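**Student:** need a 3D model of the sequence below.
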Amino acid sequence: MARAIVIGGGVGGLTAAVALHQQGWAVTVLERSPALEPVGAGISLSPNAQRALDVVGLGDRIRDLAAWQRDGGLRTPSGRWLSRTSSEALAERFGGSLVLLHRATLVDVLRSRLPDSAVHTGRAARLTDPGGPGRPATVGTDDGDLEAELVVGADGINSGVRAALFPGHPGPAYAGFTTWRVVVPAPERHFGSHETWGRGELWGSHLMKDGRAYAYAAAGVPAGWQAPGGERAELLRRFGHWHEPIPEILAGVAAEQILRHDVYWMRDPLPAYHKGRVALLGDAAHAMTPSLGQGGNQAVEDAVVLAHHVDPEREPGPALAAYTAERLPRTMSVVTKAYRTGRINTTRFSRPVTLLRNGLIAGVNKLGPNLVLRTLDGIVDWRPPQHRG
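**Tutor:** Residues are numbered from 1 along each chain as shown. Modelled structure (predicted):
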């Protein structure tokens, strides 16, 4: 049986492992951390990723566990609505709605579809030989070398696999802003999903099915910036005076619950998403800003497309070339669009420019929600190879 090693046990790596296992590969997942996604936050799955999960038989299960994103929209810090989004309009245009769940829930569902012996946590791995025709790839671990007919590099934004394949590539660049994420018990007061844009800052709040609230924030800051009074104090300073439910959510946040990450993006495309017998996916291949909510969604897409192309009975070279040809142009288009969107809502414009931005958004919204949804055309309407035709 052909062997596949997946380096990285996040959403993209586990989806690839499930898809490859279903196609007859003997899969081994090597995750450096002592547990799979021990901490995390919410993840919004758009119709494109849901269709990819349908391919591996998990779409309905995920939709059952997730909160369906109903009507929401974009607001100002005072609470004024700039635009409204309609779940019905989104479903009509793209064939489905957005669903939200905790990343740990998604990871658990994916893990449950793999043999117990397939996943190894606390297992650092490094690519020592990408292999080639007639020669397996080699992965080094503390317990010795492993050989495989296919290696999947799903080891994130600081990917060691990417560095081994393309040592001259500069890697992701700083996007100009940082993010905070929290998952806390939902406030007693009901609220609808929203994203709120200020001057160089934003906040988003969403309810999950399990009774918790997922919130995220972003702000444009210099590279290497540190919150002078701690992360909770910084969130209160920036967002504590914004409209409800933001102050209520912040009141329930403990400092240890806050996840903060500086945002990086793949400004310079890789020459390919493969080399030898190795494929890259997710952030390892095309790190993007969270501005369109597509990072995890694109990784799930990568996984099912990769499994579609590779055959355990054949040399992977041509199949991996087809994978690159299909995924590199699409994902880099999303990377660029996400970066531009992020610059719009995290750059601290002057007050007149901010008012102009808000006025343009409100004006477009008055012409109908479908005009706003057009920004997702070519992204959310994607279908996996198995569903085309």
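
**Student:** what strands flank the biggest strand by length in the chain, and is each parallel or antiparallel?
**Tutor:** Scanning the chain for the longest strand, with DSSP state E as the assignment, gives strand 173-185. Under the criterion DSSP bridges, strand 173-185 sits next to strand 212-220 (antiparallel), strand 259-265 (antiparallel) in its sheet.

**Student:** alpha carbons only: can I get the last one in CSV?
**Tutor:** C-alpha atoms of strand 259-265 as CSV (Å, rounded to 0.1, in the frame of the first residue of the first chain):
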residue,chain,number,x,y,z
LEU,A,259,-5.1,34.7,21.4
ARG,A,260,-3.0,37.2,19.5
HIS,A,261,-1.1,36.8,16.3
ASP,A,262,0.6,39.2,14.0
VAL,A,263,-0.7,38.7,10.4
TYR,A,264,1.6,37.6,7.6
TRP,A,265,0.8,36.9,3.9
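
**Student:** for the helix or strand just after that strand, which strands pair with it and how are they oriented?
**Tutor:** Scanning forward in sequence from strand 259-265 by DSSP states H and E, the next helix or strand is strand 274-275. Sheet partners assigned to strand 274-275 using DSSP bridges are listed as strand 278-280 (antiparallel).

**Student:** quick check: what element follows the partner strand along the chain?
**Tutor:** helix 283-286.

**Student:** what does that next one contact?
**Tutor:** 8, 12, 153-157, 159, 161-162, 266, 269-270, 273, 295, 298-299, 302, 327-328, 331-332, 334-335 (CB atoms under 8 Å, 6 or more residues apart in numbering). No exception for glycine: its C-beta is placed from N, CA and C like everyone else's.

**Student:** return the subset of those lying in strands.
**Tutor:** Gly153.

**Student:** now for the helix or strand following the longest strand of the chain, which elements pack on it?
**Tutor:** Using DSSP H and E, the helix or strand that directly follows strand 173-185 along the chain is strand 193-197. Here strand 193-197 touches strand 72-75, strand 201-207, going by 3 or more CB pairs under 8 Å, 6 or more residues apart in numbering; DSSP states H and E.

**Student:** mean pLDDT for these: which is lowest?
**Tutor:** If you rank those by mean pLDDT, strand 72-75 sits at the bottom with a mean of 89.

**Student:** Ala16: which element?
**Tutor:** Here Ala16 is assigned to helix 11-22, by DSSP H and E.

**Student:** tell me which helix or strand comes right after that helix.
**Tutor:** strand 26-30.

**Student:** for the closest residue to Ala16 other than its chain neighbours, list the residues it contacts.
**Tutor:** Nearest residue to Ala16, sequence neighbours excluded (CB to CB, 6 or more residues apart in numbering): Ala303, at 3.8 Å. Contacts for Ala303 (CB under 8 Å, 6+ apart) come out as 12-13, 15-16, 18-19, 52, 281.

**Student:** hang on, the earlier thing: could you check the angle strand 201-207 makes with the longest strand of the chain?
**Tutor:** 40 degrees (axes from the mean of the first three to the mean of the last three CA atoms, to 10 degrees).

**Student:** and strand 173-185, C-alpha only, in CSV?
**Tutor:** This file holds the C-alpha atoms of strand 173-185, laid out as CSV (Å, rounded to 0.1, in the frame of the first residue of the first chain):
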residue,chain,number,x,y,z
ALA,A,173,5.6,39.2,4.7
TYR,A,174,4.1,41.2,7.5
ALA,A,175,0.6,42.5,6.5
GLY,A,176,0.7,45.6,8.6
PHE,A,177,-1.8,44.5,11.4
THR,A,178,-2.3,42.2,14.3
THR,A,179,-5.3,40.2,15.4
TRP,A,180,-6.9,39.1,18.7
ARG,A,181,-9.4,36.2,19.0
VAL,A,182,-11.5,35.0,22.0
VAL,A,183,-14.2,32.4,22.7
VAL,A,184,-16.3,33.2,25.8
PRO,A,185,-19.8,32.5,27.1
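
**Student:** so Gly132 sits against Arg277, correct?
**Tutor:** Yes. Between Gly132 and Arg277 there is a contact at 6.9 Å, judged by CB atoms under 8 Å.

**Student:** now the common contact residues for these two.
**Tutor:** Gly317.
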